[in-house]
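*Asks:* Any chance you can model this:
(one chain, ligands or ions: 8)
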Amino acid sequence: MRSPCACLPIWILILCCQHCLASPKNGSCSVQDGRADCSHLGLSKIPSDLPGNITTLDMSHNRLVGIDPAALKPYPHILHLNLSHNSVTKVNEGLCEILPLLRTLRLERNEIHLLNKEHLSRCTSLTLLNMASNRLKLKGEPFSGLQSLKFLDVSMNNLQSAKLGSEPQLPSLVSLSLASNDFTELKREDFSFLNQSSFLQVLNLSSTSLKKLESGCFKPVSGLHTLILDQSNIGTLVISKVCSELSHTAIDVLSLQKMKLITLTNTTFKGLEETNLTFLDLSTNNLTKIEEGSFKWLPRLKTLVLSENNIKHVTQGTFQGLKELKKLQLTKALVKTRSSSVPIIDDFSFQALGALETLLLQRTSVRQITENTFSGLRSLTELDMSWSSYASLKKINRETFSSLSNSPLMRLNLVGTAISHLYPGSFSVLKNLTFLFLDHNFINQTLTGQEFEGLSQLEELHMISNFQTIQLTSQSFVGMTGLKVLTLGKSLRAMALNVSPSPFKPLANLAFLDLSNNNIANIKDNLLEGLSNLKVLNLQHNNLAQLWKSSNVGGPVLFLKNTPRLTTLHLDYNGLDEIPVEALKDLTNLKELSLSNNLLNSLKDSVFDNLKSLKVFSLVKNSITTVRPEVFKAPLSNLSLLLMDRNPFDCTCESILWFVTWLKSRNKTSVPDLEHQYVCNTPPTYFNRTIIKFDPLSCKDMAPFQALFILSSTAVLMLMVTALLVRFHGWRIQFYWNILIGYTLGLSDAKVEEGREFEYDAYVIHAAADAGWVERRIEPLENERCRFCLEDRDSIPGMSQLESIVNNMRKCRKILFVVTESLLLDPWCRQFKAHHALNQVIEASRDSIILVFLQDVHDYKLSRSLFLRRGMLRPCCILDWPVYKERVPAFHQKLFIALGMTNKLQE
Ligand SMILES: *[C@@H]1O[C@H](CO)[C@@H](O)[C@H](O)[C@H]1NC(C)=O
Ligand SMILES: *[C@@H]1O[C@H](CO)[C@@H](O)[C@H](O)[C@H]1NC(C)=O
Ligand SMILES: *[C@@H]1O[C@H](CO)[C@@H](O)[C@H](O)[C@H]1NC(C)=O
Ligand SMILES: *[C@@H]1O[C@H](CO)[C@@H](O)[C@H](O)[C@H]1NC(C)=O
Ligand SMILES: *[C@@H]1O[C@H](CO)[C@@H](O)[C@H](O)[C@H]1NC(C)=O
Ligand SMILES: *[C@@H]1O[C@H](CO)[C@@H](O)[C@H](O)[C@H]1NC(C)=O
Ligand SMILES: *[C@@H]1O[C@H](CO)[C@@H](O)[C@H](O)[C@H]1NC(C)=O
Ligand SMILES: *[C@@H]1O[C@H](CO)[C@@H](O)[C@H](O)[C@H]1NC(C)=O
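*Replies:* Ligands and ions are numbered 1, 2, ... in the order given. The predicted structure follows:
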């Protein structure tokens, strides 16, 4: 609402403010729903460019010195005009002509002086006129035109008389305030101008210094209901005069607060005898003495307020005659001060109050309560003595409230009354008692059940804040079967609940149980047994962590298994770092779960899954880093309010992505402080950043990257494996490849090859050193069906050795290696013959090699020299020259088999 100049550069400011001077602060009023608020703007004129259809204009707290009708001309629809807190000196005649609809005109705190008939004569629609705190000087009949006026306030105007006119006027007036004016006298004719104001109900004459009232002064206003004389500096005598003048009026409510009425005499209210006064307020008067019979004139009084007085002594006669009184308010009315003694309430003081229903004795101090203090209160349903100091209340026994035995007391409030012990039968006479408040006391005892004997009607028992000195037994609440609310917060000893059967077992109707702030560490799993109607359970500020640990001796204590109707559960501040999966499984009706200020971090999957009705969920200030759907999807699905702020969130995709996505897509769940109290703790780059700024897209891109990573690393790995294979087994791959290709294409059909009619059965490769062995053992095996090609013997004449080898090998069906260490060392064999043999084998895709081992040669050496391994060949093509002679025929047999075998890879 400030000037728009405020944030513009200086030069614009200067230009703008020149403009401002020319037409003051036009844009500054706020307009909404037909209401223009131009208050507190330092305006000296009514703005001219407001919407023409406004109905309310607030010009309060400005610098107007007058009301310019012309300035209001653009706003003919105004109903409510507020010109208070200005410096207006005059009400202009044309005002109501320009604003014919005006209903409310507020002119308080101005400097209006002269006021005459013409100023307001046209304001026929006006219902409220406030001219408080001006300097009014009335001329003639200034208010006579106000046919509709209901509320007129001319307080604080230094008026010398209550007479606002001499002829009857203001026919619609309901309320007139003449407070804080200077008149000290009410003359007989003063209110004659209200002669025809038949609706007048309220007359406010507070803060006046009335000294004299002419008789009949209230006669013209005999319909008056309410007279307010608060803070008037008038003595008891003038009060009695006021009362007698009020006789025969319709007076109903009389307010006499803060009038320094030290004493009430037995005649002060005599004048009210003929009235039907129902409400009398005498609060804050420093009343010390109330004479007996002071109220006997008020038989129809319903409410008597005596709060904040200094009454010393209440006697049997004090309330005499108040036979219809329903409510007696004595809050702080009887107090012990440093200079005075403890006030006394005599026996039978309230006996006259047969209709009294509510007796409020809050914050009072009384010497003692006897067996007759409250006698006769046969209608009393509520007694409130909270925060009072009564010696008799320290130890309550059968006698303490015996005077209430005939009262249908339903509500007894003993909060903060320093009770230290309840003896058996303390409340037994209060058969109708429904609500008992014992909070903030010093009750230090074991409750055996006898203390509450007879309270079968009790529905609520409140005992919070009793310094944790109450011990329970299984019988503590026996017989209170109707109990619905039981509060024991900050009252129980640490072991109070460690009894079996549970103290609460008899309370089948209990709906609200408060066990908070008790430091309880030990409860049994049957604590809540039988509480099938329990709706609210408060267990915050205890020490229950151990009970739910999986390491607990005997397993976790599942104490919530008997409360299926529970709707609200508070478990804050318990040091919980674990919740067993089954702990909450029966709470299908739970609406509010509060687990704030614990140490919860990793929650088990589906621990909250059965909380189908959950609306409010608090996990404020735990150690939660990860919000996983396995845990939170179910409880968050139907929530109205989530409180999970101040957790050390881990802002990584695995931990927070699901939660952030949920936060962004949630429809109806309110999450207060989301911007500021939900911040990342880890990783370091995100520290102290709000989690809602976490970008889910950064995780989505991860998926292709991951695939790509896996793909590329697999490719690299395969490449490496292939390279290694090729490096170390390339020959074998090639070998089998060729064989495979040849075979599939049908090229290596043995019959075709065999049909080629090889000249020899085998080409024998051997080291020179083994020539003797070949001569002795191989050559003799030759016959018509079997011929060997021996290099030395069968080389083709005229051909080079190389060519000859190549040619001969082609003519042989098989190639037989005579393997010895020497062969491996023979350069010819190693490098050329073997190589060529292999080449041929590979080219022809023949499985045609036979190895005959004369010595045991290591496979490794074999492969290094001949590029052959045993594993490459079929077992029958590998032969060992036997050590024993008798096995030589078997060797021959094997050799023939190997030679005679078809070259096909498979038989
Ligand atoms: C007042 O008039 C303006 C247009 O000048 C219009 O937008 C607004 O709704 C009207 N307000 C009322 C309360 O009639
Ligand atoms: C008021 O009390 C005085 C004694 O204090 C007694 O003489 C007088 O009769 C009482 N007046 C009424 C009206 O009860
Ligand atoms: C007081 O109430 C009664 C009955 O309610 C009524 O007859 C009587 O006129 C009332 N008195 C005054 C002064 O209003
Ligand atoms: C109340 O009255 C006593 C005398 O009865 C006087 O001493 C005391 O100052 C008064 N207190 C107030 C707050 O007026
Ligand atoms: C008080 O209890 C009695 C029976 O014990 C019953 O008759 C009476 O109506 C009750 N009073 C109230 C006000 O409930
Ligand atoms: C409670 O009463 C026992 C005796 O019954 C006493 O030893 C103990 O000090 C009392 N505790 C408090 C806090 O007053
Ligand atoms: C919000 O509402 C839309 C449409 O009704 C729905 O598709 C979406 O799942 C809801 N979001 C959540 C978090 O429930
Ligand atoms: C976290 O950021 C807020 C402002 O966003 C700042 O006030 C606060 O000091 C920061 N806390 C830490 C520990 O850096």
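
*Asks:* Now do the contacts for whichever residue of the stretch 351-500 of the chain sits closest to ligand 2.
*Replies:* Residue of the stretch 351-500 of the chain nearest ligand 2, by CB to the nearest ligand atom: Ala352 (14.6 Å). Every C-beta, even on glycine, is put in place using the N, C-alpha and C of the backbone. Residues near Ala352 by CB atoms under 8 Å, 6 or more residues apart in numbering: 316, 319-323, 376.

*Asks:* And Leu227, by the same measure?
*Replies:* So, once contact is read as CB under 8 Å, 6+ apart, Leu227 ends up touching 203, 205, 242, 246, 251, 253-255.

*Asks:* That one in helix, strand or coil?
*Replies:* At Leu227 the chain is in strand, as set by DSSP: H, G, I helix; E, B strand; the rest coil.

*Asks:* Ok, Asn688 next?
*Replies:* Assignment for Asn688 (three-state DSSP): coil.

*Asks:* what about Ser713, which SS state?
*Replies:* Assignment for Ser713 (three-state DSSP): helix.

*Asks:* quick one: the residue of the stretch 601-750 of the chain found nearest ligand 4 from Lys664, how far?
*Replies:* Taking CB to the nearest ligand atom, ligand 4 has its nearest neighbour within the stretch 601-750 of the chain at Pro672, 46.3 Å off. Noted for Pro672: a distance of 16 Å to Lys664, by CB to CB, to the nearest Å.

*Asks:* re the thing from before, just the contacts of Ala352: which are in helices?
*Replies:* In helices, defined here by DSSP state H, there are no members of the contacts of Ala352.

*Asks:* which of those residues lies closest to Ala494?
*Replies:* Gly376 (45.5 Å; CB to CB).

*Asks:* Was I right to think that closest one contacts Phe348?
*Replies:* Yes. Between Gly376 and Phe348 a contact is recorded at 6.4 Å, counting by CB atoms under 8 Å.

*Asks:* Show me which of these two is the more surrounded one.
*Replies:* Gly376 (19 against 16; other CB atoms under 10 Å).

*Asks:* Model confidence for the most centrally placed residue in the chain, exactly?
*Replies:* By CA atoms, centre = their mean, the chain has its centre lying nearest to Leu643, at 3.4 Å. At Leu643, the model reports a pLDDT of 96.

*Asks:* Which residue, neighbours along the chain excluded, lies closest to it?
*Replies:* Take Leu643 and drop its neighbours on the chain: the residue closest to it by CB to CB, 6 or more residues apart in numbering is Ser618, 4.0 Å away.

*Asks:* List the beta-bridge partners for the one you found.
*Replies:* Ser594, Leu643 (DSSP bridges).

*Asks:* Distance check, it against Asn204.
*Replies:* Counting by CB to CB, the gap from Ser618 to Asn204 is 50 Å.

*Asks:* which residues in the stretch 701-850 of the chain form helices?
*Replies:* Using DSSP state H, counting those that start in this stretch, the helices of the stretch 701-850 of the chain run over residues 702-744, 750-754, 771-777, 791-794, 801-811, 821-825, 827, 834-844.

*Asks:* Looks to me like Lys658 is in a strand.
*Replies:* If you look again at residue 658, you'll see it is Trp, not Lys. No. Counting by three-state DSSP, Trp658 is not part of a strand but helix.

*Asks:* gap between the two ends of stretch 881-897?
*Replies:* This stretch, stretch 881-897, spans 15 Å end to end (CA to CA, to the nearest Å).

*Asks:* so for it, what's the average pLDDT?
*Replies:* Here the average pLDDT along stretch 881-897 is 79.

*Asks:* Pull up the pairing partners for the helix or strand harbouring Leu129, direction included.
*Replies:* According to DSSP states H and E, Leu129 maps onto strand 128-130. Strand pairing for strand 128-130, using DSSP bridges, gives strand 104-106 (parallel), strand 151-153 (parallel).

*Asks:* which secondary structure elements does the first helix or strand past it going along the chain contact?
*Replies:* Next helix or strand after strand 128-130 toward the C-terminus (DSSP H and E): strand 137-138. Applying 3 or more CB pairs under 8 Å, 6 or more residues apart in numbering; DSSP states H and E, we find strand 137-138 packed against strand 114-115.

*Asks:* List the buried residues in the very next helix or strand once past the strand it packs on.
*Replies:* Moving toward the C-terminus from strand 114-115, the next helix or strand (DSSP H and E) is helix 117-120. By neighbour count with 16 or more other CB atoms under 10 Å, helix 117-120 contains the buried residues 117, 119-120.

*Asks:* next one: stretch 758-776
*Replies:* Neighbour-count burial for stretch 758-776 [16+ other CB under 10 Å]: 758, 760-767, 770, 773-774.

*Asks:* Show the pLDDT at the closest residue to ligand 4 within the stretch 151-300 of the chain.
*Replies:* Relative to ligand 4, the nearest point of the stretch 151-300 of the chain is Asn286 (3.6 Å; CB to the nearest ligand atom). pLDDT recorded at Asn286 is 90.

*Asks:* Could you check how far the closest residue to it other than its chain neighbours is from Lys894?
*Replies:* Nearest residue to Asn286, sequence neighbours excluded (CB to CB, 6+ apart): Asn310, at 5.5 Å. As judged by CB to CB, Asn310 and Lys894 stand 133 Å apart.

*Asks:* Sketch out the low-pLDDT regions of the stretch 801-907 of the chain for me.
*Replies:* 830-834, 837-838, 841-847, 901-907 (pLDDT under 70).

*Asks:* Does the residue of it found nearest ligand 7 belong to a helix, a strand or coil?
*Replies:* Distances between the stretch 801-907 of the chain and ligand 7 by CB to the nearest ligand atom are smallest at Gly871, namely 62.6 Å. Following three-state DSSP, Gly871 is assigned to helix.

*Asks:* Any idea how many residues pack against it?
*Replies:* 9.

*Asks:* residues touching it, list them.
*Replies:* Counting by CB under 8 Å, 6+ apart, Gly871 has contacts Asp859.

*Asks:* In strands only, show me the buried residues of stretch 758-776.
*Replies:* 760-765 (DSSP state E).

*Asks:* Can you tell me which of the residues you listed is closest to ligand 1?
*Replies:* The closest of these, once distances to ligand 1 are taken by CB to the nearest ligand atom, is Ile765, at 111.9 Å.

*Asks:* Around Glu592, how many other residues sit close by?
*Replies:* Glu592: 18 neighbours (other CB under 10 Å).

*Asks:* how much space between it and ligand 6?
*Replies:* Distance, Glu592 to ligand 6, using CB to the nearest ligand atom, to the nearest Å: 34 Å.

*Asks:* List the contacts of that residue.
*Replies:* Glu592 neighbours (CB under 8 Å, 6+ apart): 567-569, 614-617.

*Asks:* what do you get if the cut-off is 6 Å, keeping everything else the same?
*Replies:* 568, 616 (CB atoms under 6 Å, 6 or more residues apart in numbering).

*Asks:* could you say which helix or strand contains the residue of the stretch 101-250 of the chain found nearest ligand 1?
*Replies:* Going by CB to the nearest ligand atom, ligand 1 is nearest to Leu101 of the stretch 101-250 of the chain, at 13.6 Å. Assigned by DSSP H and E, Leu101 belongs to no helix or strand.

*Asks:* Now it. Its backbone dihedrals?
*Replies:* Per-residue torsions, Leu101: phi -90, psi 0 (degrees, to the nearest 10).

*Asks:* what's the burial count for it?
*Replies:* 13.

*Asks:* Can you pull the residues of the protein lying near ligand 2?
*Replies:* Proximity of the chain to ligand 2, by CB under 6 Å from any ligand atom, involves residues 266-267, 293.
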